[in-house]
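> below: sequence and its predicted model.
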Amino acid sequence: MPRFERKQNIFRNKDALGESYQPERIEERDEEIEAYMDALQPIIDGWEPNNIFLYGNTGVGKTAVTEYLLDVLQEDVTEYDDVDLSVLSVNCKTLNSSYQVAIELVNTLRPDGAEISTTGYPQQTVFKKLYSELEALGGTVVIVLDEIDSIGDRDELLYELPRARSNGYLESTKVGLIGISNDFKFREQLDPRVQDTLCERELQFPPYEADELTNILESRAEVAIAEDACETGVLNLCAALAARDSGSARQALDLLRLAGEVAENNDDPTIREDHVDQARSKLEQERVEEGMRELTTHGRLALLAVVSKAAKESTPCRTRELYQEYESLCESSGTDSLAQRSVHNHLSDLRMLGILSAKENRSGSRGNYYSYELDVPFSSAVDAMADVLYLDDEIETIRDIARMNGVA
Ligand code: ADP
Ligand code: MG
C-alpha cells in the first residue's frame with residue numbers, strides 16, 4: 001500500500017494561496033495604483049525618479065502592488081529608447097542595518113562568483129562599491145527596499161543614496177528609492193533629513209474591508225480551489241473574519257488555505273464554514289505561540305512559573321505564590337531574579353498578549369489581588385517554553401507532574 005497518496009479534490013493550485021505567488025490581477029486598489037503611477041511617472045518622462053515611501057499594515061498589498069506596477073513599468077518603458085530602466089529589489093527582513101542592505105545590493109549587482117564578503121569592510125567602502133556598481137549599470141535604477149523598517153535607526157544608506165548624485169558619486173546613473181514599511185512609526189523615527197528625501201512621495205495603503213477581501217478571495221479561489229470545492233459562505237466568512245481582525249489579505253488567504261487543508265485531512269469533498277472556524281483557532285494558536293517565543297527571558301520565566309503551577313493543578317494562582325515559583329526557576333537557570341513588582345508587570349503583559357487570563361479577587365481588609373492562569377492550551381505553552389528556555393530538567397519534571405495529574 002502506498003504511504004504517500006496524492007490528494008487532489010480541494011485544491012487546483014495550492015501554491016496560488018502561498019506567499020510567493022504573484023496574482024495576475026490586483027483587485028480593489030485603483031486609487032492607490034493611480035497615486036503610485038503618478039509617483040513613478042518621471043521615470044517614463046526620462047527625469048530623475050522620485051523617492052517613494054509606501055506604508056500600511058501587513059497584508060494590505062504593498063509588495064504585490066509594487067511588483068505588479070514595476071513589471072508594467074518595465075514593459076511600458078521599452079517604448080522609449082532614451083530610458084534604460086533597471087529594477088533592484090531587496091527584502092530587508094533579515095538584514096538589520098544599512099551596511100547589510102548595501103552589501104546585499106552590491107552582491108545582487110555583481111556577477112556570480114564576484115560577491116563581496118558580508119563582513120569586514122568599513123561602511124563607506126561598501127557604499128563606494130555600491131556607487132561604482134550603480135555607475136557601471138547606468139540609466140535609471142529603481143531600488144526597492146521592502147520591509148525597510150527592519151534596519152531600525154541604522155538608516156545611513158537612506159541618507160546617502162539619494163544624495164550620491166549631488167555628492168558626485170554618480171554621474172551617468174539616476175537612482176530612485178522605494179522604501180516599503182509595515183510600520184508607520186518607522187517614518188517618524190527616521191532622521192529628519194532622511195524623511196525629507198525618502199518620503200518625497202508618500203503612499204499609504206489602508207486595511208481592506210470585508211467586501212474588498214471577498215473580491216480578492218474570489219479571484220484567487222478561481223486559480224487555487226477546484227471547481228465546486230468551496231461551499232457558499234466560506235469566502236465571505238474568511239473575508240469577514242480577516243476584516244474584523246486586521247484587514248489583511250494575507251490573513252484571509254491563510255484562513256482559506258488552512259480551511260482547505262482541514263477539509264482535505266478529514267477527507268471532506270468541500271470546504272465548509274466549520275472548517276474555517278477550525279482554521280481560525282489554529283491560526284490564533286500559532287499567533288500565541290509566536291508571541292511566546294518573542295518574550296524576554298524574565299517574561300518566559302514568569303510564564304513558566306504559571307505553567308508549573310498549572311501542572312500541579314494549582315491555578316488560578318496568586319502573584320505572591322507565582323513569584324516564589326519564579327524565583328526558584330531563576331535559581332535553576334542561573335538568572336538573577338527581578339523584584340516582585342516587575343514580575344507582576346510581566347504577568348500583566350502576558351495577559352495582554354492573550355497568553356494568561358487574570359481574575360481579580362477581593363480579600364476584605366487587605367485589598368484586592370489578582371490570580372492568574374493559562375489562557376492557552378497547557379501543551380502549547382510547555383512546548384513553546386521547552387524550545388526557548390534551557391531548562392530541560394525542570395521542564396521534564398513539570399511534564400511528569402502534569403501527566404500524573406492528568407493535565408493535558
Ligand atoms: P504586504 O506586502 O502589504 O504585507 P502583500 O502584497 O504581500 O502584503 O499581500 C498579501 C497577500 O495578499 C499576497 O498573497 C497578495 O498577492 C495578496 N493581495 C494583497 N492585495 C491584493 C489585491 N489588491 N489583489 C489581489 N491580491 C492581493
Ligand atoms: Mg510585503
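The structure has been received and is ready for your questions. Ligands and ions are numbered 1, 2, ... in the order given.
> for ligand 1, give me its nearest residue in the stretch 201-350 of the chain.
As assessed by C-beta to the nearest ligand atom, ligand 1 sits closest to residue 249 within the stretch 201-350 of the chain, at 3.4 Å. Quick note: C-beta positions are derived from backbone N, CA and C, even for glycine.
> try the chain
For the chain, C-beta to the nearest ligand atom, closest residue to ligand 1: residue 61, 2.8 Å.
> and that residue, how close does it get to residue 53?
Plainly put, residue 61 is 16 Å away from residue 53 if you go by C-beta to C-beta, to the nearest Å.
> with neighbour numbers in mind, choose between the two.
More crowded of residue 61 and residue 53, by other C-beta atoms under 10 Å: residue 53, with 27 against 23.
> hmm, whatever helix or strand that one lives in touching ligand 1?
Taking DSSP states H and E as the criterion, residue 53 maps to strand 52-55. No: interface with ligand 1: strand 52-55 contributes nothing (C-beta under 6 Å from any ligand atom), its closest point being 8.8 Å away.
> repeat that for stretch 231-244.
No: for stretch 231-244, no contact with ligand 1 is found by C-beta under 6 Å from any ligand atom; the gap never falls below 10.2 Å.
> what does the stretch 101-250 of the chain put close to ligand 1?
Residues of the stretch 101-250 of the chain lying close to ligand 1 by C-beta under 6 Å from any ligand atom are 216, 249, 250.
> let me see the domain layout of the chain.
30-204, 208-290, 295-404 (automatic domain parsing).
> can you put those in a markdown table and add mean pLDDT?
Formatted as a markdown table, the domains of the chain follow (pLDDT from 0 to 100):
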| stretch | mean pLDDT |
| --- | --- |
| domain 30-204 | 92 |
| domain 208-290 | 93 |
| domain 295-404 | 90 |
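> so which of the ones you listed gets nearest residue 20?
Proximity to residue 20 (C-beta to C-beta) singles out domain 30-204 among the domains of the chain, at 10.5 Å.
> just to revisit the earlier point, pick out whichever of the residues of the stretch 101-250 of the chain next to ligand 1 sits closest to residue 324.
residue 250 (43.0 Å).
> list phi and psi for that closest one.
The phi and psi torsions at residue 250 (degrees, to the nearest 10) take the values phi -60, psi -40.
> these two touch, right, it and residue 58?
Yes: counting by C-beta atoms under 8 Å, residue 250 does reach residue 58; the two are 6.6 Å apart.
> contact partners for the residue of the stretch 201-350 of the chain closest to ligand 1?
Shown in contact with residue 249 (C-beta atoms under 8 Å, 6 or more residues apart in numbering): 59, 60, 61, 208, 213, 216, 242.
> same check, this time on residue 88
Residue 88 sits next to 105, 108, 109, 141, 142, 143, 144 when contact means C-beta under 8 Å, 6+ apart.
> how about the secondary structure of it?
Classification of residue 88 by DSSP: H, G, I helix; E, B strand; the rest coil places it in strand.
> partner residues bridging it?
Counting by DSSP bridges, residue 88 forms beta bridges with residue 143.
> any idea how far it lies from residue 152?
Separation of residue 88 from residue 152 (C-beta to C-beta): 22 Å.
> for this structure, what's the longest helix?
In the chain, with assignment by DSSP state H, the single longest helix is helix 273-293.
> tell me the most buried of the domains of the chain?
Highest mean neighbour count among the domains of the chain (mean count of other C-beta atoms under 10 Å): domain 208-290, with a mean of 19.
> contacts only, for residue 333.
Listed by C-beta under 8 Å, 6+ apart, the contact partners of residue 333 are 301, 389, 390, 391, 394.
> now do residue 216
Residue 216 neighbours (C-beta under 8 Å, 6+ apart): 27, 28, 208, 239, 249, 252, 253.
> please apply the same query to residue 405.
Applying C-beta under 8 Å, 6+ apart, the residues near residue 405 are 311, 312, 313.
> the same query, at a cut-off of 6 Å, please.
Residue 405 makes contact with residue 313, according to C-beta atoms under 6 Å, 6 or more residues apart in numbering.
> likewise residue 144?
By C-beta under 6 Å, 6+ apart, the residues touching residue 144 are 89, 178.
> picking that back up, nearest to residue 126 among the contacts of residue 216?
residue 249 (36.0 Å).
> distance of the closest one from residue 23?
Using C-beta to C-beta, we find residue 249 at a distance of 10 Å from residue 23.
> between those two, which contacts overlap?
With C-beta under 6 Å, 6+ apart as the test, residue 249 and residue 23 reach no residue in common.
> looks like residue 353 contacts residue 289 (just checking).
No: using C-beta atoms under 6 Å, residue 353 makes no contact with residue 289, being 11.1 Å away.
> coming back round to it: residue 11 is nearest to which of the domains of the chain?
Across the domains of the chain, the minimum distance to residue 11, taken as C-beta to C-beta, is reached by domain 208-290, at 5.9 Å.
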